[in-house]
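> Need the 3D shape of this:
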Amino acid sequence: MENKKITDMKLLRGQVMLANAIKGLQDFIDDKFTSLNDITIDDLDGLNGLVSCIKLASIEQTDNTIEFLDKG
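Numbering: from 1, shown residues only. Here you go, the predicted model:
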């Protein structure tokens, strides 16, 4: 693992990024999944990609927060 310094600003940026990602996910779902008849495999692939990215970002944010608090 790389040697990195976790700062309060990095944690804040990560939290804002996650909040914006959730908003983007919500907008995507509202736009693409309003009718069950119009859902395509590309829509499902896009949804899967968004959820996977948010999951990874959340794991990184959690790890960074734990490291920050442990060293705080």
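> what about this protein, any weak spots by pLDDT?
Low-confidence segments of the chain (pLDDT under 70): 1-3, 72.
> I'd like the distance between the residue minimising distance to the centre of it and residue 15.
In the chain, the residue lying closest to the centroid (Cα atoms, centre = their mean) is residue 54, at 2.4 Å. Counting by Cβ to Cβ, to the nearest Å, the gap from residue 54 to residue 15 is 13 Å. (C-beta placed from N, C-alpha, C; glycine too.)
> Report the separation between residue 15 and residue 29.
Between residue 15 and residue 29 the computed distance is 22 Å (Cβ to Cβ).
> For residue 54, give me its contacts.
By Cβ atoms under 8 Å, 6 or more residues apart in numbering, residue 54 lies in contact with 18, 21, 22, 25.
> element containing it, please.
If you go by DSSP states H and E, residue 54 is part of helix 41-71.
> buried sites along that helix?
Going by neighbour count (16 or more other Cβ atoms under 10 Å), the buried part of helix 41-71 is 47, 50, 54, 61, 64.
> can I get those in JSON lines with distance to residue 8?
As requested, these are exported to JSON lines (distance: Cβ to Cβ, whole Å):
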{"residue": "47", "distance to residue 8": "33"}
{"residue": "50", "distance to residue 8": "27"}
{"residue": "54", "distance to residue 8": "22"}
{"residue": "61", "distance to residue 8": "13"}
{"residue": "64", "distance to residue 8": "11"}
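> Which of those residues sits closest to residue 4?
residue 64 (8.6 Å; Cβ to Cβ).
> Does that closest one touch residue 15 like I think?
No - using Cβ atoms under 8 Å, residue 64 is not in contact with residue 15, being 9.9 Å away.
> re earlier: among the contacts of residue 54, which are in strands?
The strands, defined by DSSP state E, take in nothing from the contacts of residue 54.
> Now, of those residues, which are buried?
For the contacts of residue 54, a burial check counting by 16+ other Cβ under 10 Å picks out residue 21.
> closest to residue 43 among the contacts of residue 54?
Closest approach between the contacts of residue 54 and residue 43, by Cβ to Cβ: residue 25, at 12.8 Å.
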